[in-house]
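**Student:** Fold the following.
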Amino acid sequence: MSHITDNRGYNQIFQMAESTRIRMKRRADWFIEAMNITAPGKKGLEIGCGTGEMSNWIAEQIPLDILGTDLCEPFVRSANERFGRERLKFEVLDFTDPAQIMDRRFDVIYGNGILHHLYPVLDASLVQMKSLLRPNGKIIFMEPNIYNPYCQLIFKSDYFRKKAKLEPDEMAFSPGFIRKRLQAAGYTNIKVTYKDFLLPGIPAFLVKPSIAIGNVAERLPLIKKIAQSIFIEAQSI
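**Tutor:** Okay, the predicted model is just below:
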């Protein structure tokens, strides 16, 4: 699996091979389904937008005004050049800084593989996100599952963490862990499910069999616990 590094030298995005593109589009579809937005006027915030593919695919499908944010200026510049338009903007922005986020509020906040980068400050970050949501707003995140063998390997081994160019403090977690953090932050309607067995970067001829096998595996009580990711949904009051 090949990655794109940010301006600090850490791996952040998978190179967009065909299997990786299909994987991200499937995830965008899952976000869209969870958002359940059919009428204009709603606002969305993507945290960790990278080079913008996820929000672009979402904006193509539903009438959501999206602000994609990232701390990496080259990523944001690329996203604006490729996808920026009236209902889709990208900014270099730290959502945890009140001076940067000002008085903007959102109906949905989402991200693909972002919360585990915030692991040392996760509790405060969840509280801050909640303050940015409109009443009955929702957060939706897809995160690496610490029970997955590959995630165990790269997150728990110093050698493989270095090989994978992980940030020093990022850490995958379990459904139980994030559920407790969300409850403590005051979220309601919390739902955390095991999701996705499709590996990024695999040969194209393996994509359809992997999806078929994964669709079955996600319904098996024991096997689903080693899915690559967990899908997180929660609401503000």
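**Student:** where do the strands sit along the protein?
**Tutor:** In order along the chain, the chain carries the following strands (DSSP state E): 3-5, 11-14, 42-47, 64-70, 88-92, 106-112, 133-144, 188-195, 229-235.
**Student:** Can you add distance to E81 and mean pLDDT and give those back as a markdown table?
**Tutor:** C-beta here means a position set from N, CA and C on the backbone, and glycine is covered the same way. A markdown table is the format used below for those (distance: least, C-beta to C-beta, whole Å; pLDDT from 0 to 100):
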| stretch | distance to E81 | mean pLDDT |
| --- | --- | --- |
| strand 3-5 | 15 | 67 |
| strand 11-14 | 16 | 62 |
| strand 42-47 | 17 | 98 |
| strand 64-70 | 13 | 97 |
| strand 88-92 | 9 | 97 |
| strand 106-112 | 20 | 98 |
| strand 133-144 | 25 | 97 |
| strand 188-195 | 31 | 98 |
| strand 229-235 | 29 | 98 |
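**Student:** Between these, which one is closest to A164.
**Tutor:** Smallest distance to A164 across the strands of the chain (C-beta to C-beta): 6.1 Å, for strand 11-14.
**Student:** Need the residues that contact stretch 121-139.
**Tutor:** Here stretch 121-139 makes contact (C-beta atoms under 8 Å, 6 or more residues apart in numbering) with 34-35, 43, 45, 47, 95-96, 101, 104-110, 115, 118, 181-182, 184-187, 232-237.
**Student:** Ok, stretch 87-96 next?
**Tutor:** Residues outside stretch 87-96 that contact it (C-beta under 8 Å, 6+ apart): 45, 47, 49, 52, 55-56, 59, 63-73, 76, 79-80, 83-84, 100-101, 121, 124-125, 128-129, 132.
**Student:** Geometric centre of this structure: which residue is closest?
**Tutor:** The central residue of the chain, meaning the one whose C-alpha is nearest the mean C-alpha position (C-alpha atoms, centre = their mean), is N112 at 1.4 Å.
**Student:** Could you verify my assumption that that one touches G48?
**Tutor:** Yes. Judged on C-beta atoms under 8 Å, N112 makes contact with G48 at a distance of 7.4 Å.
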